[in-house]
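Participant: have a look; sequence and predicted model below, questions after that.
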Amino acid sequence: MSRLIALLSALAFAVVLDGTASAQRPPTIAAAANLNFALTEIAGQFKADRGMSVEVVFGASGTLTRQIQDGAPFELFLAADEEFPNQLTKAGLTRDAGIVYATGRLAIFAPNGSPLTVDERLNGLARLIKSGKSGRFAIANPDVAPYGKAAEAVLKKRGLWDAIRPQLVLGDTIAQAAQFATTGNATGGLIAYSLVLGPGFAERGKYALIPESDHPPLRQRMVLLKRAGATARQFYTYLQGETARSILRRHGYGVPQ
Amino acid sequence: MDWTALRVSLWLGAGTIAILLPCGIWFGRLLAVHQFRGKVLVEALVTVPLVLPPTVLGFYLLVLFGARSPLGQAFQSLAGQTLPFSFEGLLLASAIANIPFVVQPIQRGFEAIPSDVRDAAACCGLTPWQRFARIEVPLAWPGILTAAILTFAHTLGEFGVVLMVGGNLPGETRTLSVAIYDRMQAFDDRSAGIMAATLLAIAVVTLMLTTTLSRRVGLRRG
């Protein structure tokens, strides 16, 4: 019995120590899920160039915004739109209004073996819906993921929104929507072009790029948060440099002049 | 394999046991030995985290301790950080979620001790503390061990509360179960698969342990 008590108090003590030792960690950065491949590559390059590391946590922009408002210890936030970071700026949680670092694109994706044919005007999707065999169609949750909102706008513009609504399966993030669409759990989906260009996607199915004019532009803004330290600030600058910009371009983003 | 996440999970499991087991032994024994008015209500309250969706607990923790609540702001000025999105906050959430897993097996363990054993010990002149430490705890031991193992296993498997209150921060609140979700979302099925298999193995071993233990308790009772 006394041995057990000693063991447990040692454990409790170690847990406390463990918590205090963590103060020296690299800064944590919150990023929209569409940046999964691009930002991982940029962070790796940043480490190679500058010898500093950052921890990136991916999620839906809305979810991350909520977490920042609730006190999550992020130092930099890369959103998928401008609305969410602007909300944080208005709430006084950021250093300044930040900057637009990229413009995102949407793509329609159909996994191998899916009856869906992909084209930029969604004619194949319209035919499939008419045939009544459309199955599930994946987009990100429009409430928390800007790419989901853009997908909604595209489907509305093509007059397919009401017909497809009962068939929609909503991913928490655009990455989850992409997962539904690529693993064959849905007949297809509207997902981030940057994810479609990621490793392993090309052999999983076919895609078509959606014209930028079909949805409000996905202008992606980043903001330094109040607690940002030196490393986070340097990474913020690095993201605006030519190295990061060329990586973003290669991942299908438009970058501001 | 995300070793940092495994470490966070193991610390969370151990920390939850360290917090809950002493309280659980005290409270489980209280429920086993004493009869009092409102006991049914107390027992229901103890069991409630078992049937409550993790989102309910997550919601209350965020609303009560978030940076926008007065309580959360007070805590922040004291500790320098908010309770949600920290390991300590996760520990609190985990402790609350695991109350039934600790109290119930321990209560059953103490209930299994016949009251004449307790009386005999008193007749032999043992003080209440001696009776408790030398007679009751060794007899209720399988229940206590079951409680510890169940709590550990359940903490390792906890997902909803961790994601909601913890926010997936590496080295702080990203447990193994959240890391699997995170890797899936990053299209890294291989890592997710390895971690899922690890958790599955831990869960099976744990349940085998509890079954063996509870069988021993049953034998003793019969």
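Facilitator: Received it, and whenever you're ready, just let me know what you need. Numbering: from 1, shown residues only, chains lettered A, B, ... in the order given.
Participant: centroid-nearest residue for chain A?
Facilitator: Relative to the mean C-alpha position of chain A, the nearest C-alpha, by CA atoms, centre = their mean, is the one of A:Ala33, at 1.7 Å.
Participant: so who does it touch?
Facilitator: Taking CB atoms under 8 Å, 6 or more residues apart in numbering or on different chains as the definition of contact, the neighbours of A:Ala33 are A:Phe58, A:Gly59, A:Ala60, A:Ala80, A:Ala140, A:Ala145, A:Thr173, A:Ile174, A:Ala175, A:Gln176, A:Ala192, B:Gln185. Quick note: C-beta positions are derived from backbone N, CA and C, even for glycine.
Participant: just confirm B:Pro100 contacts B:Val46, I think it does.
Facilitator: Yes. In terms of CB atoms under 8 Å, B:Pro100 counts as a neighbour of B:Val46; the distance is 5.9 Å.
Participant: quick one on the thing from earlier: what pLDDT is listed against the residue nearest to the centre of chain A?
Facilitator: Looking at A:Ala33, its pLDDT stands at 95.
Participant: ok, A:Val56 next?
Facilitator: The predicted local distance difference test score for A:Val56 is 95.
Participant: how much space between it and chain B?
Facilitator: Between A:Val56 and chain B the distance, using CB to the nearest CB, to the nearest Å, works out to 9 Å.
Participant: in three-state terms, label that residue for me.
Facilitator: Here A:Val56 is strand, with the state taken from DSSP: H, G, I helix; E, B strand; the rest coil.
Participant: got phi/psi on the nearest residue to it once chain neighbours are set aside?
Facilitator: Excluding its sequence neighbours, the residue lying closest to A:Val56 (CB to CB, 6 or more residues apart in numbering or on different chains) is A:Ile29, at 4.9 Å. According to degrees, to the nearest 10, the main-chain angles of A:Ile29 amount to phi -120, psi 130.
Participant: tell me what A:Ile29 is bridged to.
Facilitator: Listed beta-bridge partners, A:Ile29: A:Val56, A:Leu76 (assigned using DSSP bridges).
Participant: helices of the chain, start to end?
Facilitator: You didn't pick a chain, so chain A it is. Chain-ordered helices for chain A, with DSSP state H as the definition, fall at A:2-21, A:36-50, A:61-69, A:83-90, A:123-131, A:146-157, A:161-164, A:174-182, A:193-196, A:230-239, A:242-250.
Participant: oops, chain B please
Facilitator: All helices of chain B, identified by DSSP H, fall at B:3-33, B:39-51, B:54-65, B:70-79, B:87-97, B:99-111, B:115-123, B:128-130, B:137-157, B:160-161, B:176-185, B:189-221.
Participant: possible to save those as JSON lines with distance to A:Lys130?
Facilitator: What follows is these, written out as JSON lines (distance: least, CB to CB, whole Å):
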{"stretch": "helix B:3-33", "distance to A:Lys130": "47"}
{"stretch": "helix B:39-51", "distance to A:Lys130": "45"}
{"stretch": "helix B:54-65", "distance to A:Lys130": "38"}
{"stretch": "helix B:70-79", "distance to A:Lys130": "52"}
{"stretch": "helix B:87-97", "distance to A:Lys130": "48"}
{"stretch": "helix B:99-111", "distance to A:Lys130": "52"}
{"stretch": "helix B:115-123", "distance to A:Lys130": "76"}
{"stretch": "helix B:128-130", "distance to A:Lys130": "79"}
{"stretch": "helix B:137-157", "distance to A:Lys130": "45"}
{"stretch": "helix B:160-161", "distance to A:Lys130": "39"}
{"stretch": "helix B:176-185", "distance to A:Lys130": "33"}
{"stretch": "helix B:189-221", "distance to A:Lys130": "35"}
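Participant: relative to A:Gln240, which of those helices is closest?
Facilitator: Put simply, out of the helices of chain B the one that sits nearest A:Gln240 is helix B:176-185, at 26.6 Å, with distance taken as CB to CB.
Participant: can you give me the angle the closest one makes with helix A:36-50?
Facilitator: Per axes from the mean of the first three to the mean of the last three CA atoms, to 10 degrees, the angle that helix B:176-185 makes with helix A:36-50 is 100 degrees.
Participant: out of the helices of chain A, which is the most enclosed?
Facilitator: With neighbours defined by mean count of other CB atoms under 10 Å in any protein chain shown, none of the helices of chain A is more surrounded on average than helix A:174-182, at a mean of 28.
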